[in-house]
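*Asks:* Everything below, folded, please.
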Amino acid sequence: MPTPLAHAFLVWPLVEAASRGRAKPSFVIFAALSAVLPDIDLLAYVFNVNESEFFGHRGFTHSVVFAFLAAAAIAFFYARKKSGWLKAFLVFLAASLSHSFFDALSDTAVGVAFFLPFFEVRLLFSWRPIAGSLKTLHDAGLFEIITAPLVLFETFRLILPAAAIALSFRFFALWKTKRFYKNFSPEPAMFQEEKRKI
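*Replies:* The predicted structure is shown next:
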């Protein structure tokens, strides 16, 4: 199962792609918040709510309906005094949905309730390449689930590749900008030479 930190990093390439490599730090942070927010249902364990219940882990907060509601609220808070609300909404929606998507790709015991509140079915993809734990927090302690192999897997298979892709967008945008200013001159070179002599 991807940890909240992994979910936050996994949406960074999406944000950079949507911003053409020029994403503002605040935009990246709000997108990361959108990606992590579905795991607010981890509080269910504090109140002894079972995973199979409506507000259990990977329940309603991992649904498509919740993703739309959360993205709309976060986009309003982020862009209420700016243009570009729709772009922010779409990016935050994709970030929130990505959380459930990656959870369904993880090799864990708990399925994802994509279609609550309409259908209670919980789904996992047949192909689950993301390492996880077949135990739940009801069955084991936190450190029995988030083990050293899991942390290493997420670091080298999820976090670092996502960061590399995101940074490549930024470096490419920077390269294009430098190339533009290098080739663009507001005045002919002969006039620049005259200015240097003066």
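
*Asks:* Would you map the helices across this protein?
*Replies:* Ranges of helices within the chain are 4-10, 12-18, 25-36, 43-46, 64-79, 85-104, 142-145, 148-154, 160-183, 189-197, based on DSSP state H.

*Asks:* Okay, now the unreliable bits of this structure?
*Replies:* Residue ranges of the chain with pLDDT under 70: 1, 81-83, 132-147, 179-198.

*Asks:* Next, the buried residues of stretch 90-101.
*Replies:* Of the residues in stretch 90-101, 91-100 count as buried by neighbour count, 16 or more other C-beta atoms under 10 Å. In this view, the C-beta of every residue, glycine as well, is placed from N, C-alpha and C.

*Asks:* Give me the contact list for it.
*Replies:* With C-beta atoms under 8 Å, 6 or more residues apart in numbering as the test, stretch 90-101 has contacts from 2, 7, 10-11, 14-15, 18, 27, 30-32, 34-39, 58, 62-64, 66-68, 70-71, 74-75, 78, 112, 114.

*Asks:* now stretch 11-29
*Replies:* 31-32, 34-35, 78, 87-88, 90-91, 94-95, 98, 162-163, 165-166, 169-174.

*Asks:* List only those of those flagged as buried.
*Replies:* If we count by 16+ other C-beta under 10 Å, the contacts of stretch 11-29 have these buried: 31-32, 34-35, 78, 88, 91, 94-95, 98, 162, 165-166, 169-170, 173.

*Asks:* Contact partners for L167?
*Replies:* By C-beta under 8 Å, 6+ apart, no residues touch L167.

*Asks:* I should have written D41 there, sorry.
*Replies:* Contacts for D41 were tallied using C-beta under 8 Å, 6+ apart; they are 55-62.

*Asks:* 10 Å instead?
*Replies:* By C-beta atoms under 10 Å, 6 or more residues apart in numbering, the contact set of D41 is 49, 51, 53-62, 66, 113.

*Asks:* Spatially nearest residue to it (excluding sequence neighbours)?
*Replies:* T61 (4.4 Å; C-beta to C-beta, 6 or more residues apart in numbering).

*Asks:* Distance of the one you found relative to R80?
*Replies:* Distance, T61 to R80, by C-beta to C-beta, to the nearest Å: 23 Å.

*Asks:* Compare those two (neighbour count), which wins?
*Replies:* The residue with more neighbours, out of T61 and R80, is T61; 27 against 9, by other C-beta atoms under 10 Å.

*Asks:* Appreciated, that's everything.
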